[in-house]
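Participant: Need coordinates for the following:
(one chain, ligands or ions: 1)
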Amino acid sequence: MNPFLEVENLTYTYPDGRPALRGIGLKILPGERVALVGPNGAGKSTLLLALAGILRAEGRILVDGTLLTPASLPRLRARIGLVFQLPDDQLFSPTVYEDVAFAPLYQDLPPGEVHARVEEALAGVGMQAFAGRMPHHLSMGEKKRVAIATVLAMRPAMLLLDEPSAGLDPRGRRELISLLNGLPQTLLIATHDLDLAGRLCPRMVILDGGQIVADGESRALLADADLLAAHGLV
Ligand SMILES: Nc1ncnc2c1ncn2[C@@H]1O[C@H](COP(=O)(O)OP(=O)(O)OP(=O)(O)O)[C@@H](O)[C@H]1O
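Facilitator: Numbering: from 1, shown residues only. Next up is the predicted model:
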């Protein structure tokens, strides 16, 4: 099977000179669910931003066989959706409906298609009843669901999620795990939540100092206490 996402020698240094990614290589197959774990500052968010085409890193990123370039980015952006760590970075419209409609409208889809996408995306996260609500007055769990819906409305083949369980109470976290578990998309989930990683993702990639230091079965990596301790994960 051809990988959906292929990353070769990805390197990124922030403008202040801080290296954040160093020679990352990664292949993710269609339908795979991969947890991206690592200590604070490991480069997880930077990697997701690069994969979403928000940061331009050196190296190669192929999405479904197409090289990510400034020219291909508008088309590929709909294939890979990034859910930011803070929903407030993703939600800015007066209503939930308008936030979810934003990306399909931006793609110039006809109004009927936009409406169908919004209904489908809100149903997918169980938030149909919230369409007319103000995003900023929702609970954190509700905001996270709406943020996921804004990305689902693009009908992406892959979702990149940055710390999806951060800030959720135990019930919100359980609901989120169940929601993500029901998604058919390929998933790459950056998280400090090793329990969520183990429940949702058969495969785990450990990032430390901008480099991949382990890539394998989550069950095996989570059972390796020395490995986890060496990378500040326990
Ligand atoms: N905008 C920025 N400007 C300069 N350096 C940055 C910027 N954003 C992140 N960095 C640096 O890049 C490195 C990687 O940060 P990144 O946020 O990708 O790590 P992370 O693994 O997501 O961390 P966390 O678990 O704390 O979210 C860190 O050293 C960080 O200080």
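
Participant: per-domain residue ranges of the chain.
Facilitator: By the assignment in automatic domain parsing, the chain contains the domains 1-79+157-234, 87-155.

Participant: centre of the chain versus the shortest one, how much separation?
Facilitator: Taking CA atoms, centre = their mean, to the nearest Å, one finds the center of domain 87-155 at 16 Å from the center of the full chain.

Participant: do the same with stretch 47-54
Facilitator: Distance, centroid of stretch 47-54 to centroid of chain: 10 Å (CA atoms, centre = their mean).

Participant: Which positions in this protein make contact with the ligand?
Facilitator: Applying CB under 6 Å from any ligand atom, we find that the chain lies next to the ligand at Tyr14, Asp16, Arg18, Ala20, Gly38, Asn40, Gly41, Ala42, Gly43, Lys44, Ser45, Thr46. In this view, the C-beta of every residue, glycine as well, is placed from N, C-alpha and C.

Participant: List only those of those flagged as buried.
Facilitator: By neighbour count, with 16 or more other CB atoms under 10 Å, those hold Ala20, Gly38, Ala42, Gly43, Lys44, Ser45, Thr46 as buried.

Participant: Contacts only, for the third one.
Facilitator: By CB atoms under 8 Å, 6 or more residues apart in numbering, the residues touching Ala42 are Leu207, Asp208, Gly209, Gly210, His231.

Participant: Spit out the contact partners of Leu207.
Facilitator: Ile24, Leu36, Val37, Gly38, Ala42, Gly43, Lys44, Leu47, Val213.

Participant: Geometric centre of this structure: which residue is closest?
Facilitator: In the chain, the C-alpha nearest the mean C-alpha coordinate belongs to Leu160, at 1.7 Å (CA atoms, centre = their mean).

Participant: Dump the contacts of Leu207 into a markdown table; add pLDDT as well.
Facilitator: Shown next, in a markdown table, are these (pLDDT from 0 to 100):
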| residue | pLDDT |
| --- | --- |
| Ile24 | 98 |
| Leu36 | 98 |
| Val37 | 98 |
| Gly38 | 98 |
| Ala42 | 98 |
| Gly43 | 98 |
| Lys44 | 98 |
| Leu47 | 98 |
| Val213 | 98 |
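
Participant: Could you tell me which of the residues you listed are located in strands?
Facilitator: Ile24, Leu36, Val37, Val213 (DSSP state E).

Participant: I'd like the distance from the helix or strand of the chain with the lowest mean pLDDT to the chain centre, please.
Facilitator: Least confident helix or strand of the chain, by mean pLDDT, DSSP states H and E, is helix 73-76 with a mean of 92. Centroid displacement of helix 73-76 relative to its chain, using CA atoms, centre = their mean, is 16 Å.

Participant: buried residues in the helix or strand following it?
Facilitator: Next in sequence after helix 73-76, counting helices and strands by DSSP states H and E, comes strand 80-83. Applying a neighbour-count criterion of 16+ other CB under 10 Å, one finds Ile80, Gly81, Leu82, Val83 buried in strand 80-83.

Participant: From these, pick the one nearest the ligand.
Facilitator: Leu82 (12.8 Å; CB to the nearest ligand atom).

Participant: got a list of what that closest one touches?
Facilitator: Leu48, Leu49, Leu51, Ala52, Ile54, Val151, Leu159, Leu160, Leu161, Asp162.

Participant: try His192
Facilitator: His192 neighbours (CB under 8 Å, 6+ apart): Val37, Glu163, Ala166.

Participant: Which of these has the largest number of neighbours?
Facilitator: The most crowded member of the contacts of His192, judged by other CB atoms under 10 Å, is Val37 (27 neighbours).

Participant: that older thread, contacting residues around the least confident helix or strand of the chain?
Facilitator: Gly53, Val63, Thr66, Leu68.
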